[in-house]
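Engineer: Give the three-dimensional model of this entry:
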Amino acid sequence: MTQAVESDPKATSRTFKRSTKPLSRRDARVSAISICYEASMKNTLPIEIARVIGLDSLDAMTVSLVQGVSDELKAINEMIAAHSVRWETTRLPVVELCILQCAIFELLGGENTVGTVINEAVELTKHLALPESTNYINGILSAIAKEYLSK
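Structural biologist: Numbers count the residues shown, from 1 in each chain. Okay, here's the model as predicted:
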């Protein structure tokens, strides 16, 4: 990317390099949630948004979450709907839905403990969504973990 500052007559064109340092796990989750959010707004799959951004410019964990959510979107949304007692998923705020989608994929992927995934989802909900939604997020993820991981 090249950028010149027009207000400074002495400014020259600068090239900014993307850091090669991987994101923290939390930042990778936030990035994946953001991509899922944009995909939801544009009614497309998250991986399509990631491709537009450039897969090689994204952190490996972000790409893994986005690809996994895209591959399993229908099944993940069915799990959310099945565990949303007295709550239509169409009424669920998009940010909360995206947090759930990423967390469910990560939860069922088995790379992290159940407690870690649920705790991270609840913490991200506090910062990115409505703080009142933390109990809902916790409940849905706990129910899914109990049903799918206790077999």
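Engineer: What separation do you get for S70 and G139?
Structural biologist: From S70 across to G139, the span is 25 Å (CB to CB, to the nearest Å). Placement of C-beta: from N, CA and C, glycine included.
Engineer: Just the buried positions in stretch 32-39, please.
Structural biologist: Using 16 or more other CB atoms under 10 Å as the test for burial, stretch 32-39 gives A32, I33, S34, I35, C36, Y37, E38, A39.
Engineer: Leaving out chain neighbours, which residue sits closest to the residue positioned nearest the centre of the chain?
Structural biologist: Nearest to the mean C-alpha position of the chain, counting by CA atoms, centre = their mean, stands I33 at 2.3 Å. With sequence-adjacent residues excluded and distances taken as CB to CB, 6 or more residues apart in numbering, I33 is closest to C98, at 4.8 Å.
Engineer: So for the one you found, what's the pLDDT?
Structural biologist: Listed pLDDT for C98 reads 98.
Engineer: Then S13?
Structural biologist: 39.
Engineer: Give me the contacts around the longest helix anywhere in the chain.
Structural biologist: Looking across the chain with DSSP state H, the single longest helix is helix 60-83. With contact meaning CB atoms under 8 Å, 6 or more residues apart in numbering, helix 60-83 is reached by 22-23, 25, 28-29, 31-32, 35-36, 45-50, 55, 58, 89, 92, 97, 100-102, 104-106, 109, 139-140, 143-144, 147-148.
Engineer: go with 6 Å
Structural biologist: The contact list for helix 60-83 (CB atoms under 6 Å, 6 or more residues apart in numbering) reads 28, 31-32, 35-36, 45-47, 50, 55, 89, 100-102, 104-105, 140, 143-144.
Engineer: same deal with stretch 126-136?
Structural biologist: In contact with stretch 126-136 (CB under 6 Å, 6+ apart) are residues V95, E96, V122, T125.
Engineer: please redo it, this time with the cut-off set to 10 Å
Structural biologist: With CB atoms under 10 Å, 6 or more residues apart in numbering as the test, stretch 126-136 has contacts from 26, 29-30, 33-34, 37, 84-85, 87, 92-100, 121-125, 137.
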